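need the 3D shape of this:
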Amino acid sequence: MQDLLKEPCWQLIIIVFFFSLYFSYFFPPSAENTRHGPVFTQEPSDSIFPMSTDDKQVFINCKAKGNPPPRYRWKVDGRDINTDSDPNYSLVEGNLLISNPHVINHGGVYQCIATNTFGTVVSREAKVQFAFLQNFSSKTRNTVSVREGQAVVLLCGPPPHYGEIKYSWVFNGQRNFLQQDARRFISQKTGNLYIAKVEASDAGNYTCAVRNMMTNSTVFSSPTPVVVRRDVVMGEYEPKIEVQFPDTLHVSKGSSVKLECFALGNPVPSISWRRADGNPLPGKIKINHSSGVLEIPYFRPEDAGMYECVAENSRGRNVARGQLIFHSAEHLQWVQTLKDAHMAIDANLQWECKAIGKPRPTYRWLKNGQSLKAEVRCMTGRLTIPKISLSDSGMYQCVAENEHGSVYASAELKVVASPPDFTRRPVKKSTVIQRGGEVVLECRPHASPRATISWWREGGIFVSLLRRTIMEDGTLRITNISKSDGGRYTCVARNRFGTSSSTGSLVVKEPTKIIVPPLSLDASVGQSIVLPCEVSSDSSLSPIFKWFFNGKAIDFNRQEHFEMIGGGFAGDLMVRNIQLKHSGKYVCMVHTEVDTVSAAADLIVRGPPGPPEGLVVTDITDTTVQLSWGSGPDNHSPVTKYMVQARTPFSIGWQTVRTVPDSVPGQMMHATVKELNPWVDYEFRVVAINSVGVGEPSTPSKQIRTKAAVPKVAPINVSGGGGARGELVIMWEPVPEEQQSGEDFGYVVAFRPLGSSTWIQTVLASPDASRYIYRNDSIAPLSLFEVTVGVYNNMGEGPFSRVVRVFSAEEGERLHVLHYAQRSVVTHVSLVQVLFWEGGLEQSEADRVRVINCTALLSGLKGSTRYLISVRAQNSAGLGPCSPPFNITTKKPPPSQPPGSIEWNLTNSKIFLNWEHVKAMENESEVTGYKVVYRQNWHDRTTVLETNKTSLELQIPSGEDYLIEIKALTEGGDGTSSGPIRIPKMSSKFHTLHSMQMIRLNILANILTMMSSSWCDRSPLIG
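Numbers count the residues shown, from 1 in each chain. Predicted coordinates:
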């Protein structure tokens, strides 16, 4: 090697080479300007060009990319094409243009060759052919003489041609071609016309027409005269198969194959096809030309086998056979190609390429378009060059080929030889590390061949010790760093082409420590907490704090609950208004220039329990059901108790129901609901409670209906009186539907004269009945009766109301009108008849009411309407005269809208109520205040409070459920009720219960339940 370097030419080569390397390192080219050898982007392919008078030029494509741009040349059949001396050839960029091509002179195998300063590549070989069709000979054809009934074959004898050909025949110069049928057949293999049995009409001139499908040109032969002799008629004979397919035929996958079969004979034979193995013909097969051609498209392995053509007539039959063999040839394709290699001098090169195809391909290798020499190891698809040198640089190609063709794979080998150079990867100028840590100083110069590495410190060579190690790749590793390790370090790199060095500094800092780490905490929903994080660090460093929540960095710009507070060496995390989703692991990570430290803490957020799961209703009776459920998430605070709520079609929202046990403890997942109404549709849900608060309710259960039972509730407000002479009028308040306990509900009305022991009973089958009139002319006026009303349904009879005393109809006298209200008027009378009618009507149209005492209630009046009232006395002698009419005007009706958006808050023994103000419409009385009525559940005694505000505080004992109702007060009477609201009882262990939802009541709230009707006022009078 040293001798070689002494030669002037080698010295010049190396100087130029190093100079080029210098520019490549200090002025690196952009990606699009990288210098490289030629690579084909378009290669020639097998082509057939149609030859016609219009075609004067043929293009064969070839294009390659390279930098510098490649030069092109071409070969045909292995011979170089000289585009300068041959006027038929010229280059257009890399494409080959053939002008005035000749079928024979310019057909052949073409190959494109691209070259630049880095090497040469050759394209795949492309077979170029020209489709053409010459004319028939003009020589007159001989006359064919044939007897009638005999067979004849007319030869076409096509002229020279190339490309797909289609044969036809013309009879007597007609414009249309001769049609094929069972008697006449044209072979597309030979062009011959076969007539199985000649008839007298077949006499005439026959011309063969040949069409080239690529050039779209057609030529015609000279006519062949056919003379039919009728002196002797040919006798019958058995079929003779004249056209048949080969005995063996290889068919490629996916191709289409056509089998021809035609027989001569008298009578005309019929042609049929079959498989010799007895299997049916594939459904895709096409048979045409009166069964003379069998076509199998898209040939597959299952189509292979022995096929038979059967020709048959009345004189006999004949069979032709042929074997179709599936040919599993596969086109060559690469499964492993080559990649460009940039390698250091003296390295070992190994390339491997692999292709698949049938038959199995063989391989050969090219360098710059020439076959590699024998001294290079080249085995099958693997190329090995040991200890590469500069002369090995160039373009290499692997060629895989079999009998069906060849494929080319190309790659470029660049051999690099250079002294060590730190220009692009110098030693890091300054490395900062904490005391006690570990540092790795990299030394990665560019050198070819690889350089040997040594390290120097403060002018002295650096050797490996216990804490200091020079790695195999030249990297310097120092562990357990102390202050004394700081200083300047120099890496020296050497190879046979030169020496270079690079220096960097090592700065040692004090390590960072977290002195106040975050601590694991428990918190309740809604609270705010601070997780501390404070560090001690080298005074010259500026720590950067980052917080992570469950492995993800907290973005303080997008997280309203998180805020980092502090500064300098503290970065505490504040979590505001904590929610359940904030439970998890929090990590404080502190970064400095030299190290990173972290500390973690767990935050457990306790909240109201989640909804119970899997609520099931079983063991349904008339007044009880059994509930069971599964626990939901306790949200880190054990469930202390469960509350059961129910909803019916008659209730306003969900109401707390009574259970067994009375208070369901948190560890119990079942309870019996009691005191339900029979024959009512119920839905149930369960609410869990823990020390934090009331949780979300469970999903409602499926609706169930309690079983029917004998009614348990008797009618209330039984009264009577009035009516016509001889009548006993009995009235009561109907039992609400939810307390009827079953189907076929009705009333039993019982009454007897005072002092009698015999009850008179009548049955009313209507559940809506509220009045019964007993008529008997023998009843004296103002006779006193004892009255009671009972109930029944299809399960049996229920209880009767308490016995009340009612007077029968009476005779009248004077009365005095004292008061009136929105829909009612009060008068003090003694045995009178009260007449009242609207202003504008006649007295004869008046309504009448008879009363037995000094007060009469006129109901059913219209609001804001003028009425006239008159009274007259009645006694046993009849009715007296009417008093002068008295004018009154009723007030506007109260608002129909009930108080809405009711909120309640129960704390210890106080209930705080809030509701929305009721706005009266123009035709309604203005609201002057509100009436709040409440009582303990299941009790009759009520308490009434009035207020002119939309809020109220009630002082009630703990330990009982309460029912509350709110109405608006107006001068026209009480407004529509809000409906009963159930307030669940308080346990001694849990002193605060909140209604978290707004109870919104609509216009339908005026349908009161049985319970509400028993303790709500009945249309109070307005004076």
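
ok, the closest residue to H591 other than its chain neighbours to K910 distance?
In space, and not counting its chain neighbours, H591 is closest to I544: 4.6 Å by Cβ to Cβ, 6 or more residues apart in numbering. Glycine gets a C-beta too; all of them are placed from N, C-alpha and C. Distance of I544 to K910, computed by Cβ to Cβ, to the nearest Å: 53 Å.

repeat that for N923.
Taken as Cβ to Cβ, the span from N923 to K910 is 39 Å.

E236 now?
125 Å.

now the helices for the chain?
Applying DSSP state H to the chain gives helices spanning 2-6, 8-26, 1010-1015.

for the longest one, the averaged confidence score.
Mean pLDDT, taken over the full extent of helix 8-26, equals 41.

next: the last one.
For helix 1010-1015, mean pLDDT is 31.

was I right to think D619 contacts V660?
No: taking contacts as Cβ atoms under 8 Å, D619 lies outside contact range of V660: 12.0 Å.

now the stretch 51-200 of the chain, which segments are flagged as low pLDDT?
52-55 (pLDDT under 70).

burial count for P885?
16 (other Cβ atoms under 10 Å).

how much space separates V834 from G721?
13 Å.

against E442, how distant is the spatially closest residue to N480 that is not a sequence neighbour?
Leaving out its chain neighbours, the residue that sits closest to N480 by Cβ to Cβ, 6+ apart is R467, at 5.6 Å. Relative to E442, R467 is positioned 18 Å away (Cβ to Cβ).

likewise P239?
For P239, the distance to E442 - Cβ to Cβ - is 92 Å.

can I assume G723 is in contact with V729?
Yes: judged on Cβ under 8 Å, G723 makes contact with V729 at a distance of 4.1 Å.

so what sits against both of these two?
773, 809 (Cβ atoms under 8 Å, 6 or more residues apart in numbering).

who's in contact with V806?
Here V806 is in contact with 719-721, 728-730, 751, 784-785, 787 (Cβ under 8 Å, 6+ apart).

rebuild those as a markdown table, extending it with neighbour count and pLDDT.
Listed next are those as a markdown table, based on neighbours: other Cβ atoms under 10 Å; pLDDT from 0 to 100:
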| residue | neighbour count | pLDDT |
| --- | --- | --- |
| S719 | 14 | 92 |
| G720 | 23 | 89 |
| G721 | 21 | 85 |
| L728 | 24 | 91 |
| V729 | 21 | 93 |
| I730 | 24 | 93 |
| F751 | 23 | 94 |
| L784 | 11 | 92 |
| F785 | 22 | 92 |
| V787 | 24 | 95 |
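
and for N172, the neighbour number?
11.

whoops, I mixed them up, R494
So R494, with other Cβ under 10 Å, has 17 neighbours.

show me what contacts it?
420, 451-452, 454.

give me the common contacts of D619 and V660.
By Cβ under 8 Å, 6+ apart, the residues touching both D619 and V660 are T672.

backbone phi and psi for the residue nearest to N480, please?
Note on R467: its backbone torsions stand at phi -90, psi -10 [degrees, to the nearest 10].

return the residues in contact with the residue nearest to S256 when sequence neighbours are not counted.
Spatial nearest neighbour of S256, excluding adjacent residues (Cβ to Cβ, 6+ apart): P297 at 4.6 Å. The contact partners of P297, by Cβ under 8 Å, 6+ apart, come to 256, 284, 286.

quick check, the first one in contact with E295.
Yes: with contacts counted by Cβ under 8 Å, S256 reaches E295, the gap being 6.5 Å.

re the thing from before, tell me which of R467 and E442 has more neighbours.
E442 (16 against 13).

distance of the more buried one from V427?
7 Å.

same question for C398.
42 Å.

and what of P700?
74 Å.

these two - which one has more neighbours?
V427 (21 against 15).

surely that one and Y489 touch.
Yes: contact criterion Cβ under 8 Å: V427 and Y489 qualify, at 7.3 Å.

any shared contact partners between these two?
By Cβ under 8 Å, 6+ apart, the residues touching both V427 and Y489 are 441, 503-504.

can you select the buried ones from these in PyMOL?
The PyMOL command for the buried members of the shared contacts of V427 and Y489 (criterion: 16 or more other Cβ atoms under 10 Å) is given here:
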select buried, resi 441+504
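
can you tell me which of the shared contacts of V427 and Y489 are in strands?
Among the shared contacts of V427 and Y489, DSSP state E puts 441, 503-504 in strands.

R850: neighbouring residues, count only.
Other residues close to R850 by other Cβ under 10 Å number 23.

do P225 as well
For P225, using other Cβ under 10 Å, the count is 14.

from P159, how far off is it?
20 Å.

what's the answer for S951, then?
115 Å.

between these two, who's got more neighbours?
P159 (14 against 11).

residues contacting that one?
Here P159 is in contact with 133-137, 210, 219 (Cβ under 8 Å, 6+ apart).

list only buried entries from these.
133, 136, 210, 219.

quick one on the thing from earlier: for the contacts of V806, give me a markdown table that also has distance to E510.
As requested, these are exported to a markdown table (distance: Cβ to Cβ, whole Å):
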| residue | distance to E510 |
| --- | --- |
| S719 | 99 |
| G720 | 103 |
| G721 | 105 |
| L728 | 109 |
| V729 | 105 |
| I730 | 103 |
| F751 | 107 |
| L784 | 110 |
| F785 | 109 |
| V787 | 103 |
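
closest to P301 out of these?
I730 (101.0 Å; Cβ to Cβ).

residues touching the closest one, list them.
I730 touches 718-720, 749, 751, 771-774, 787, 789, 806, counting by Cβ under 8 Å, 6+ apart.

distance to P280 added to the buried ones among the contacts of P159, as JSON lines?
Listed next are the buried ones among the contacts of P159 as JSON lines, based on distance: Cβ to Cβ, whole Å:
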{"residue": "L133", "distance to P280": "41"}
{"residue": "F136", "distance to P280": "44"}
{"residue": "V210", "distance to P280": "37"}
{"residue": "V219", "distance to P280": "42"}
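
which of these fall in strands?
133, 210, 219.

quick one: residues contacting the second one.
The neighbourhood of V210, defined by Cβ under 8 Å, 6+ apart, consists of 133, 136, 156, 158-159, 161, 165-167, 191, 218-221.

before we move on, what's the pLDDT of it?
Predicted confidence (pLDDT) for V210: 96.

what's the neighbour count on the closest residue to it other than its chain neighbours?
If the residues on either side of it in the chain are set aside, V210 comes closest to P158, at 5.0 Å by Cβ to Cβ, 6+ apart. Look at P158: counted by other Cβ under 10 Å, it has 17 neighbours.
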